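Undergrad: below: sequence and its predicted model.
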Amino acid sequence: MIYLGVEAAALPPDCPPHLQFLYDYGGPIGENNSLFVSVSSPNDGRAPAGKATIIASSFTEVGQWWAGSAADYDQLKQRFMAGAIARLGDYFDLRPEHILVCETATPRTFYKYTARDRGIVGGVGQRIPTFGPFGFATRTPLQRLWLVGDSTHPGEGTAGVSYAALTAVRQIQRSHSSGWPITSAPIP
């Protein structure tokens, strides 16, 4: 992940709030070849007037972030940050005078602050056996137990988790309308 605070002049006119870049169609999906980007909009509360935020993420193999020395880790982090900024610079005007803040997060960062296994973000690693029709459904075999989150179908991110939640709510409503009682009890 790379978090940039920039001058609004770094954004192209009418910049959309979400972008997906794939640079080499024959290359891997991750390792900065693919970036998912969220961009603040004027007056959305994420940046002061005249400024903007750019947040970019890339899939990565987590093992490389845990191997080697602290110096190896710092070099890898610097290489990924420089690579992401260079890729983003193809679309945004990221001259040094436009970048006000630059922060990065790696799987080690996410492990430290969220305690996620190996710092994996986005739920269970999305591979053929765990994605799409093979992913975790919101419905479970246990009565009144539903799953929602970044490991359930359709997957990670705000949109995926929100859609999974909407799916679970609709399934619960259908179950309720068919006579299945929904009760609520305080959580101990």
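TA: Perfect, I can see it now. Numbers count the residues shown, from 1 in each chain.

Undergrad: looking at the closest residue to W65 other than its chain neighbours now. What's its pLDDT?
TA: Computed as C-beta to C-beta, 6 or more residues apart in numbering, the closest residue to W65 that is not its neighbour in sequence is P107, at 4.5 Å. For the C-beta atoms, the positions are set from N, CA and C on the backbone; glycine is no exception. With respect to pLDDT, P107 scores 94.

Undergrad: ok, now how distant is P107 from F21?
TA: 21 Å (C-beta to C-beta, to the nearest Å).

Undergrad: who has more neighbours out of the two?
TA: Ranked by neighbour count (other C-beta atoms under 10 Å), P107 and F21 place P107 first, with 21 against 16.

Undergrad: ok now do the more buried one, which residues does it touch?
TA: 60, 62, 65-66, 118-121 (C-beta atoms under 8 Å, 6 or more residues apart in numbering).

Undergrad: can we see that at 10 Å?
TA: Residues near P107 by C-beta atoms under 10 Å, 6 or more residues apart in numbering: 1, 60-66, 116-121.

Undergrad: list the contacts for S34?
TA: S34 touches 20-24, 27-28, 57-59, 87, counting by C-beta under 10 Å, 6+ apart.

Undergrad: right, I mislabeled it, should have said V37
TA: Per C-beta under 10 Å, 6+ apart, neighbours of V37: 2, 4, 15-21, 54-57, 84, 87-88, 91-92.

Undergrad: how about A105?
TA: Counted by C-beta under 10 Å, 6+ apart, A105 has contacts 1-3, 55, 57, 77, 112-113, 119, 121.
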